[in-house]
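Trainee: Got a sequence here, can you build the structure:
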Amino acid sequence: MGTDRDTGEDEPGSTGRGTGSSSGAGSATGAGTSAGDVDVCVVGAGPVGLTLAIGLRLLGLRVRIVDKAPATKREARALVLWARAGEAFDALGVGETLRRNGVELDVVTIHARDRVLGELTTGWARSAYARPLSIEQHDIERLLCTELARLGTGVEWNTELTDVKVHNDRAEFTLRHDDGTVESAAAPWIVGCEGTASVVRDRLGIPFEGRRRTGLQVVQGNARPTWPLGEEPGRGHIFLAPRRSLLVFPLPGGGYRFSCFRDDPDPTLTAAPAFDELRDLVADTARMPGLRLGPAGTPWLNRARFSDRVAARLRCGRGLLAGDAAHAWAPVGGHGMNVGILGAHNLAWKLAAVHHGHAGEELLDTYSDEQRLLAVRYIREMRFNFMELPLPPWGYRAFTATVPVALARRGFQQRLDLRLSDLGRSQRDSALSWHRAGRLHRSGPRAGDRMPDVTVTTRLSDRPSPEPARLHTLLGYEYWTLLLDASRARVEVLHALREACAVLPVPVRILPVTPWDEPGSGPLGHPDDLRLVRPDGYVGLVAPLARTDLLRDYLTAFAADGPGAVGGSPQFRPRRAH
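Mentor: Predicted coordinates for the structure are as follows:
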């Protein structure tokens with residue numbers, strides 16, 4: 001449910017360049033930039049590149065971010081931020097800023113021709129960002145650019161990456177500026193976030209595997225309707241019809257984004273739709289022949305077709321991929337931008353840990369494995385999203401017959417909301433997820449799960465805090481968090497935990513907590529277990545509190561020079577996502 005990556009796909013460049021280390025950096029004129037001036041070059045200043053740059057800056061890395069587009073040439077494109085992406089932005093300090101500039105979606109009414117099938121309500125999940133946020137991509141980019149500038153880094157617009165060559169200790173690259181000058185530069189790391197036609201991916205020789213989606217096009221635009229439904233902030237609509245589905249979501253400034261997923265009777269038609277075409281599609285799908293559309297929000301009309309593609313790997317030495325450069329699919333479900341943002345949130349802390357010498361480079365392979373698997377799962381699941389995919393008449397009749405029954409069930413609403421929110425997505429298959437809980441300890445999140453945002457009280461420095469707080473406000477992007485039940489936080493236990501954590505060169509915050517409003521230990525797990533939470537909010541380790549040796553083994557494997565460093569130990573070797 002949602003709209004995303006609304007301009008369609010750019011054709012990927014050639015992938016027949018071999019490995020990145022064999023590509024030349026090219027000749028250049030103009031001033032050069034040495035690898036000592038910057039730690040990471042981020043290519044592409046869309047939401048994913050900007051998210052990555054902010055995360056890296058917060059963790060002390062020097063970032064250069066370039067984009068071939070002019071600063072003023074921004075488009076509406078993606079619209080919806082789901083809960084997990086909202087939490088990621090909150091961890092980076094911009095969640096509330098984005099929320100103030102968007103509108104929360106409370107309920108979506110499902111229509112089938114002349115009747116209402118039911119309502120899908122949001123906000124069932126336990127999160128400060130439980131409701132999806134409607135905010136246009138160009139506004140996200142503007143706000144993220146402002147935050148990045150506050151952190152001391154500006155985007156270099158009108159700067160096009162033309163070549164990349166990676167070495168064991170750096171990446172060399174060539175930039176073409178708008179005045180025609182060409183610059184040779186270098187950095188220890190380069191990350192391609194520049195879309196499906198990624199130059200970084202092409203020069204690294206990474207195949208963009210997949211195929212074009214046939215029989216589907218999306219016609220969309222921003223408009224203010226004159227219709228009998230009125231305009232209610234926080235309410236969206238989905239209209240179902242044979243071979244079409246129409247999504248109508250509110251814009252922050254008034255009006256709606258109309259997105260019609262339909263069959264593709266004329267694949268040769270590639271021009272953006274006229275306003276009348278959008279009106280006719282909306283009127284016919286919603287069965288409102290007298291409908292009128294007027295301008296609203298940022299003027300925007302778009303026709304798009306798509307491919308489902310995932311890069312064969314997201315890392316080649318000192319070069320990495322994120323966002324649409326790494327994976328792209330049809331915007332069914334509206335999660336493409338969100339998955340890219342979560343990938344940037346995953347990558348930034350890992351890249352910082354490796355660059356600072358806190359972990360071996362193999363840690364970056366866990367980013368590649370985790371993110372590829374997430375993308376592959378989305379592509380598979382979205383092929384069965386019948387709420388948005390255009391169905392043939394028989395499929396339409398069968399599906400619309402089941403929708404009222406499903407929407408009437410509270411359990412269905414909760415499960416669907418959890419899936420849409422991305423809060424139920426896990427990293428359980430990751431090499432970073434060790435589940436070593438007691439045999440009978442089945443409650444609470446498993447290793448690889450997102451740590452629930454429950455309300456707790458804390459005990460720090462042997463002094464209890466009577467004020468309840470959301471757990472996620474106590475987690476930090478710049479450190480790991482070791483959670484334990486406050487009733488078990490005896491002096492000798494805390495001392496043993498501190499000794500075990502001393503093997504890790506990055507900070508680990510030991511946090512004794514007590515559930516505030518939950519019966520028993522439910523969402524926090526068994527009180528005799530500890531949970532080590534990664535900087536991005538996923539549980540890395542679950543182990544008995546008494547087994548500090550397991551905690552020490554995990555952290556030693558994470559550390560750069562430990563005897564079981566990431567990738568060197570069979571139990572911590574990154575799994576490959578297929």
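Trainee: Residue 223 and residue 299: what is the separation?
Mentor: 9 Å (Cβ to Cβ, to the nearest Å). Every C-beta, even on glycine, is put in place using the N, C-alpha and C of the backbone.
Trainee: Which residue of these two possesses the greater neighbour count?
Mentor: Taking other Cβ atoms under 10 Å, residue 223 and residue 299 do not tie; residue 223 has more neighbours (26 against 11).
Trainee: Let me see the contact set for that one.
Mentor: Counting by Cβ atoms under 8 Å, 6 or more residues apart in numbering, residue 223 touches 255, 256, 258, 275, 278, 279, 282, 293, 294, 295, 296.
Trainee: same question, residue 406
Mentor: Shown in contact with residue 406 (Cβ under 8 Å, 6+ apart): 118, 412.
Trainee: Helix, strand, or coil at it?
Mentor: helix (DSSP: H, G, I helix; E, B strand; the rest coil).
Trainee: Over to residue 302?
Mentor: The assignment at residue 302 comes out as strand when based on three-state DSSP.
Trainee: Dig out what residue 510 forms beta bridges with.
Mentor: residue 482 (DSSP bridges).
Trainee: cool, residue 66 as well?
Mentor: Applying DSSP bridges, one finds that residue 66 bridges with residue 43, residue 156.
Trainee: Now, of the contacts of residue 223, which are buried?
Mentor: By neighbour count, with 16 or more other Cβ atoms under 10 Å, those hold 255, 256, 258, 278, 279, 282, 293, 296 as buried.
Trainee: Now, those residues that are in strands?
Mentor: Using DSSP state E, the members of those that fall in strands are 256, 258, 293.
Trainee: Quickly find the element holding the closest residue to the last one other than its chain neighbours.
Mentor: Think residue 293. Nearest residue to residue 293, sequence neighbours excluded (Cβ to Cβ, 6 or more residues apart in numbering): residue 223, at 4.0 Å. Following DSSP states H and E, one finds residue 223 within strand 217-226.
Trainee: Pull the residues that contact the helix or strand just after that strand.
Mentor: Moving toward the C-terminus from strand 217-226, the next helix or strand (DSSP H and E) is strand 235-241. Contacts to strand 235-241, defined as Cβ under 8 Å, 6+ apart, come from residues 1, 105-113, 117, 134, 229, 245-250, 256, 284-287, 387-388, 391, 396, 399-400, 403.
Trainee: Which members of those are classed as buried?
Mentor: 1, 105-106, 108-112, 117, 134, 245-250, 256, 284-286, 387-388, 391, 396, 399-400, 403.
Trainee: mind listing the helices for this structure?
Mentor: 47-58, 83-91, 95-100, 137-150, 199-203, 275-286, 336-355, 363-382, 393-407, 410-421, 491-501, 548-558 (DSSP state H).
Trainee: possible to save those helices as TSV with distance to residue 507 and mean pLDDT?
Mentor: Shown next, in TSV, are these (distance: least, Cβ to Cβ, whole Å; pLDDT from 0 to 100):
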stretch	distance to residue 507	mean pLDDT
helix 47-58	14	98
helix 83-91	15	97
helix 95-100	22	97
helix 137-150	23	96
helix 199-203	32	98
helix 275-286	52	94
helix 336-355	11	96
helix 363-382	17	94
helix 393-407	46	93
helix 410-421	29	92
helix 491-501	9	93
helix 548-558	12	91
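Trainee: Residue 211 is nearest to which of these?
Mentor: helix 363-382 (10.7 Å; Cβ to Cβ).
Trainee: same for the closest one, what does it pack against?
Mentor: strand 307-311, strand 315-316, strand 319-321, strand 327-328, helix 336-355 (3 or more Cβ pairs under 8 Å, 6 or more residues apart in numbering; DSSP states H and E).
Trainee: For residue 424, which of those is the nearest?
Mentor: Evaluated over these, closeness to residue 424 peaks at helix 336-355, with 13.0 Å, by Cβ to Cβ.
Trainee: just how off-centre is the closest one within its chain?
Mentor: Put simply, helix 336-355 sits 8 Å off its chain's centre (Cα atoms, centre = their mean, to the nearest Å).
Trainee: what's the burial count for residue 492?
Mentor: So residue 492, with other Cβ under 10 Å, has 7 neighbours.
Trainee: Now for it: which residues touch it?
Mentor: Residues counted as contacts of residue 492 (Cβ under 8 Å, 6+ apart): none.
Trainee: Could you measure from it over to residue 499?
Mentor: Distance, residue 492 to residue 499, by Cβ to Cβ: 11 Å.
Trainee: before we move on, what about residue 109?
Mentor: Per Cβ to Cβ, residue 109 is found 57 Å from residue 499.
Trainee: Strands of the stretch 451-578 of the chain, start to end?
Mentor: Per DSSP state E, counting those that start in this stretch, the stretch 451-578 of the chain carries strands over the ranges 455-460, 463-464, 469-470, 480-485, 508-515, 529-533, 539-544.
Trainee: Fine by me, we can end here.
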